[in-house]
Every structure is written in C-alpha cells, then in structure tokens.
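Asker: Got a predicted structure plus its sequence, pasted below:
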Amino acid sequence: MARIESVEALRRILPTPRPATMAKVLSELDEQAEAFVRKCAFLLLSTTHADGTIEVSPKGDEPGFVRIEDSRTLLMPERIGNNLAFGLQNIIANGQVGMIFLVPQTGETVRISGRAEILDDADLLARLGSKGRPALLATRIHITRCYFHCARSVLRAQLWKPDAWPAPARVSFGRVIAPRIGANEKVAEQIDQRVATAYDTNLWSNG
C-alpha cells in the first residue's frame, strides 16, 4: 500500500482542476449562493480545537435561520442543545470554521470557509429569536471562501430518494450513558424517555 505524502503524488492521481473549475471559488456570496442560504434549514459546521481536534456540528432550524448581513458576512443563532459546546469553544480558541449548506431535493451544496466570532448582544439575539425565544448566542462568520459543490456525491448516495433510504433507526442514548455512570437498564430507559420528550415537546427549550 502506497501512502500519499505529497501534493505532487496526489496530483499524479487527481489532476490540477481546470481554470473554469477554479473560477467558481469566490471570496463572497453571489446571487445564487445568497438564495441558497436563505432556503437552507440544515448545515454542517466544522471547527478546530487548539490541539488540532476537528468537530463537525449539525445545525438546523427554520429555512433562512442563517441570516445574511452582507455578501461576506453571515449570522447564525445558537439554540438550546446538549451544552457540550465543543464547536463554540473551538471558535473561541482559533475562529476557523467550515460550513456545508444543504437544501432538500437539491444535489448541489454550498461550501463556506471563514473566521467566526461569538456575540452576546440582547438586541441581536432578539432579532435571531424563534418561537418567542431569543437566540442564546450569535455566531458571526466572516467569509473567506464560498463555492457550490457539484451534485455527484449526493446523487451517488441517493440522498434525496426516499425509495433508497434504509428503515428508520432509533439511537439509544441510555445504552451509551447508563453503563458509563454505573447505572442500570431502568436508568437507561429513563434517559431514552427524556430524549424522546425533548424531541416531541421540548424541541425549543430544555424545560
């Protein structure tokens, strides 16, 4: 097995992109990218810890939850969650972020790279609120690179074809957590019930 350890070796297999391909990589949102972000209800946010550990966090809300301040700046609200805050801590550590925006039934995705900062401003959080609740925090993303990724990976995965989907799976957080806190199966069931309640009735709060 040959390990690829240089760009030169990589480019012997994957040739340098055509100039026309490189021309799609922009430093700001164009009209199509702005329209895509406004329709987006789900994205993946990547951040990097100071020690190099990478986190990828799913972010989802109503379409358009990521607001466009201008062609080089985005605002994203922070909603309630598990409070691990790995991604937010990484942003504090170095600010580097990457984002992939997805829109159902659209094969292309929008990829954005940039630097982020976390804001705590009452007026801003109110503007980013939803369901009568202000955002907990706001993340401002300063775009350095933006481009559309072609649809081939989504088409190969048949991501938006329901007939190709597997049966729905149910993840048991109780089975993960209970043994690690010295708890029994009953506690595992209680954990799973709390998660189910959060999904059904507490989607917008931890109450």
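Answerer: Now that the structure is in, tell me what you want to look at.

Asker: all contacts plus neighbour counts: C-alpha atoms, from now on.
Answerer: OK.

Asker: where's A167 relative to L155, distance?
Answerer: Distance, A167 to L155, using Cα to Cα, to the nearest Å: 19 Å.

Asker: The two - which one has more neighbours?
Answerer: Higher neighbour count among A167 and L155: L155, with 14 against 6, using other Cα atoms under 10 Å.

Asker: secondary structure element for that one?
Answerer: For L155, the enclosing helix or strand under DSSP states H and E is helix 152-157.

Asker: what does that helix rub up against?
Answerer: Identification of contacts with helix 152-157 by Cα atoms under 8 Å, 6 or more residues apart in numbering yields 107-108, 160.

Asker: Pull the number of nearby residues for V25.
Answerer: Count around V25 with other Cα under 10 Å applied: 15.

Asker: Can you give the distance of stretch 186-198 from its chain's centre?
Answerer: Distance, stretch centre to chain centre, for stretch 186-198: 26 Å (Cα atoms, centre = their mean, to the nearest Å).

Asker: typed the wrong thing, it's stretch 31-47
Answerer: Distance, centroid of stretch 31-47 to centroid of chain: 10 Å (Cα atoms, centre = their mean).

Asker: ok, now stretch 183-196?
Answerer: Put simply, stretch 183-196 sits 28 Å off its chain's centre (Cα atoms, centre = their mean).

Asker: buried sites along that stretch?
Answerer: Residues of stretch 183-196 classed as buried: 187-189, 191-192 (neighbour count, 16 or more other Cα atoms under 10 Å).

Asker: With just CA atoms, put that stretch into CSV.
Answerer: What follows is stretch 183-196, C-alpha atoms only, in CSV (Å, rounded to 0.1, in the frame of the first residue of the first chain):
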residue,chain,number,x,y,z
ALA,A,183,-26.5,2.9,36.2
ASN,A,184,-28.8,0.0,35.3
GLU,A,185,-31.2,-0.7,32.5
LYS,A,186,-34.0,1.2,34.2
VAL,A,187,-32.0,4.4,34.2
ALA,A,188,-31.1,3.8,30.5
GLU,A,189,-34.8,3.7,29.7
GLN,A,190,-35.4,6.9,31.7
ILE,A,191,-32.6,8.6,29.7
ASP,A,192,-34.2,7.5,26.5
GLN,A,193,-37.6,8.7,27.6
ARG,A,194,-36.1,12.2,28.4
VAL,A,195,-34.6,12.3,25.0
ALA,A,196,-37.9,11.3,23.4
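
Asker: List the contacts of it.
Answerer: The contact list for stretch 183-196 (Cα under 8 Å, 6+ apart) reads 172-175, 177-178.

Asker: now do 7 Å
Answerer: The contact list for stretch 183-196, computed with Cα atoms under 7 Å, 6 or more residues apart in numbering, reads 172-175, 178.

Asker: Can you select the buried ones from these in ChimeraX?
Answerer: Listed next is the ChimeraX selection for buried residues among these, using 16+ other Cα under 10 Å:
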select :174,175,178
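
Asker: Tell me which stretches of this protein form helices.
Answerer: Counting by DSSP state H, one finds helices in the chain at the ranges 7-13, 19-22, 31-39, 86-93, 122-127, 152-157, 173-177, 185-200.

Asker: what about those helices, which gets the closest to L45?
Answerer: helix 86-93 (8.1 Å; Cα to Cα).

Asker: I'm done for today, thanks for sticking with me.
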